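Undergrad: When you get a sec, could you give me coordinates for this:
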Amino acid sequence: MAMLVTWSMPGQIQVSGPVRGTVTVTLAGSFDLANAPQIATTLRRVLTGPAPARLVLDAAEVDFCDCSVLRELLLARAEGESLGCPVVLAQASPVLVWLLDLFDLGRLFGYPSTVPGAGSTGESSG
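TA: Numbering: from 1, shown residues only. Model prediction:
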């Protein structure tokens with residue numbers, strides 16, 4: 001049975017799955033220091049779950065994101081790696097692509113996407 005969890009705030013977080021071992025966390029809206037803990041809590045719950053085979057992040061609809069959120073994504077990636085659960089970024093908004101490019105972090109999340117059938121809505125500044 002698929003799991004569905006949604007947080008309501010300036011940014012929205014939706015968890016769906018697992019489907020064939022993959023849980024997808026969809027982020028939409030604005031995220032910063034004020035609501036980064038909700039992202040951390042959600043990702044931690046997914047990973048401590050029973051951990052899925054893969055955790056996919058879909059951030060195509062993120063319109064604001066600061067470094068506190070990037071920190072939570074990096075911590076989740078490290079935790080997933082230690083559990084044998086890759087955390088990959090399937091889609092990213094232009095603002096998140098900019099932030100990933102700024103710190104040269106896209107490759108850590110397999111971005112540009114390594115998820116079959118997923119495309120980027122953001123453009124890399126190269």
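
Undergrad: Can you mark which positions in the longest helix seen in the chain are buried?
TA: When the chain is parsed with DSSP state H, its longest helix is helix 67-83. Along helix 67-83, these residues count as buried under the neighbour rule (16 or more other CB atoms under 10 Å): 68-70, 72-74, 76-77, 79-80, 83. Where you see a C-beta, it was placed from the backbone N, CA and C, and this is true even at glycine.

Undergrad: and stretch 68-88, how far out from the chain's middle?
TA: Taking CA atoms, centre = their mean, to the nearest Å, one finds the center of stretch 68-88 at 9 Å from the center of the full chain.

Undergrad: Same question for stretch 13-25.
TA: On CA atoms, centre = their mean, the centre of stretch 13-25 falls 11 Å from that of its chain.

Undergrad: mind checking the end-to-end distance for it?
TA: Its start and end residues considered, stretch 13-25 measures 7 Å (CA to CA, to the nearest Å).

Undergrad: again with stretch 20-36
TA: End-to-end span of stretch 20-36 (CA to CA): 28 Å.

Undergrad: hmm, who's touching it?
TA: 3, 9-17, 39, 42-43, 46, 49, 52-66, 68-69, 71-72, 90 (CB atoms under 8 Å, 6 or more residues apart in numbering).
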